[in-house]
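**Student:** let me see the structure of the following:
(one chain, ligands or ions: 2)
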Amino acid sequence: MTAPSESFAPRRDEPLFGRLAIIGIGLIGSSIAHAAKELNLAGRIVLSDRDEAVRTRARELDLGHEIADTAAEAARDADHVILCVPVGACGAVAAEIAASLKPGAILSDVGSVKNAVVEAVLPHVPEGVHLVPAHPVAGTENSGPDAGFPSLFLNRWCILTPPEGTDAGAIARTRHFWEGMGALVEVMTAQHHDLVLAITSHLPHLIAYNIVGTAEDLEAVTQSEVIKFSAGGFRDFTRIAASDPTMWRDVFLHNKEAVLEMLGRFSEDLSILTRAIRFGDGETLHKHFTRTRAIRRGIIALGQEKPETEKLRKP
Ligand SMILES: NC(=O)C1=CN([C@@H]2O[C@H](COP(=O)(O)OP(=O)(O)OC[C@H]3O[C@@H](n4cnc5c(N)ncnc54)[C@H](O)[C@@H]3O)[C@@H](O)[C@H]2O)C=CC1
Ligand SMILES: O=C(O)C(=O)Cc1ccc(O)cc1
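**Tutor:** Ligands and ions are numbered 1, 2, ... in the order given. Below is the predicted model:
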């Protein structure tokens, strides 16, 4: 199947899909387009975006093989259609392309929330079309067609959440597509996905948006010292808090229950730490920090993250 290659992942001799349609040409859509073209995952890659300026830029960047003016045009006759738009737009785009989807096609997405996307998209999926939702747990704080790069998904998880009874062949083809881009694939229910991601991704983003906002509110008091002396911790938060506002508004509006559940637990734990500080309970603080340090070391041991000191060393 694979030939020796200079690429970041093996290039296929034969494409996996005849026609791939990507709707939404932002960070994720353009990254898929780069990877799928470079690795020969699809014979023809057609992209579309509702924003004309984005379509023009995608043509300049030579993304895929063709930029269509409408989502319906891009999806026509496609074997694999991926919605790469904000979570709140998935239902409307599915309605827009429904009549263009051919029997046997796989309809997928990349949304950071899964249950709400399935609920919004499923009513528009024609008979014979397979819905296989996906979430690549890989990204950056940047957005738009210039932000994408082909190795974004390399060694990163991609979670598939097919509704019960989904055709096994369609799930397997979607798995092979993401594995083809170097991702590690896991299958779970949409509900479980949303609960896990609420604590591992959505809550951390909310905390970052909040702390950077609080710091900005204090600027008058601190006279720019927040920015000047922002050491590692705060700087990391500013990167996360620079993430796309539309995308993250949609994440919180569409994963409301799970995020509120995790936020409740977070607040309870924060109260314990607050009490410990107030009453000088060093033992509680030390115990807590020891436990969290072990979690970080576990992530590094699994090879999913490099120690900061290694990142700082010159290559
Ligand atoms: N940014 C990240 O790090 C990650 C994002 N995701 C998910 O991927 C999806 C896309 O995110 P990004 O690529 O970061 O966003 P982005 O903001 O870079 O691009 C989204 C694109 O969708 C287009 N769009 C919006 N509504 C549309 C519609 N109705 N029809 C056609 N095009 C439309 C916009 O014009 C924009 O070009 C989101 O659902 C997000 O939750 C998943 C993993 C990581
Ligand atoms: O930039 C970061 O650190 C991210 O966390 C990127 C990201 C954002 C949203 C997702 O659904 C998955 C990954």
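
**Student:** quick one, strands of this structure?
**Tutor:** 2-3, 11-12, 17-23, 42-48, 66-67, 80-83, 106-109, 130-131, 134-136, 157-160, 184-187 (DSSP state E).

**Student:** could I get the ones you listed in TSV, plus columns for distance to ligand 2, mean pLDDT and mean neighbour count?
**Tutor:** Glycine gets a C-beta too; all of them are placed from N, C-alpha and C. Converted to TSV, the strands of the chain look like this (distance: least, Cβ to the nearest ligand atom, whole Å; pLDDT from 0 to 100; neighbours: other Cβ atoms under 10 Å):
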stretch	distance to ligand 2	mean pLDDT	mean neighbour count
strand 2-3	27	45	11
strand 11-12	26	94	17
strand 17-23	17	98	25
strand 42-48	20	98	23
strand 66-67	25	98	20
strand 80-83	14	99	27
strand 106-109	12	98	26
strand 130-131	19	98	22
strand 134-136	6	98	23
strand 157-160	9	98	20
strand 184-187	14	98	15
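
**Student:** export these to JSON lines and tack on distance to residue 283?
**Tutor:** Formatted as JSON lines, these follow (distance: least, Cβ to Cβ, whole Å):
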{"stretch": "strand 2-3", "distance to residue 283": "55"}
{"stretch": "strand 11-12", "distance to residue 283": "57"}
{"stretch": "strand 17-23", "distance to residue 283": "54"}
{"stretch": "strand 42-48", "distance to residue 283": "57"}
{"stretch": "strand 66-67", "distance to residue 283": "61"}
{"stretch": "strand 80-83", "distance to residue 283": "50"}
{"stretch": "strand 106-109", "distance to residue 283": "47"}
{"stretch": "strand 130-131", "distance to residue 283": "52"}
{"stretch": "strand 134-136", "distance to residue 283": "40"}
{"stretch": "strand 157-160", "distance to residue 283": "37"}
{"stretch": "strand 184-187", "distance to residue 283": "38"}
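
**Student:** the ones you listed into TSV, with extra columns for distance to ligand 1?
**Tutor:** Listed next are these as TSV, based on distance: least, Cβ to the nearest ligand atom, whole Å:
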stretch	distance to ligand 1
strand 2-3	26
strand 11-12	24
strand 17-23	5
strand 42-48	7
strand 66-67	12
strand 80-83	8
strand 106-109	7
strand 130-131	16
strand 134-136	5
strand 157-160	9
strand 184-187	14
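
**Student:** just give me the longest helix of this protein.
**Tutor:** Taking DSSP state H as the criterion, the chain has its longest helix at helix 256-278.

**Student:** out of the strands of the chain, nearest to residue 239?
**Tutor:** Counting by Cβ to Cβ, residue 239 lies closest to strand 134-136 out of those; the figure is 18.8 Å.

**Student:** which other residues reach that closest one?
**Tutor:** Residues outside strand 134-136 that contact it (Cβ atoms under 8 Å, 6 or more residues apart in numbering) are 28, 82, 108-112, 114, 152-153, 156-161, 174, 178, 183, 193, 197.

**Student:** can you give the strand pairings for it, parallel or anti for each?
**Tutor:** Counting by DSSP bridges, the strands paired with strand 134-136 are strand 157-160 (antiparallel).
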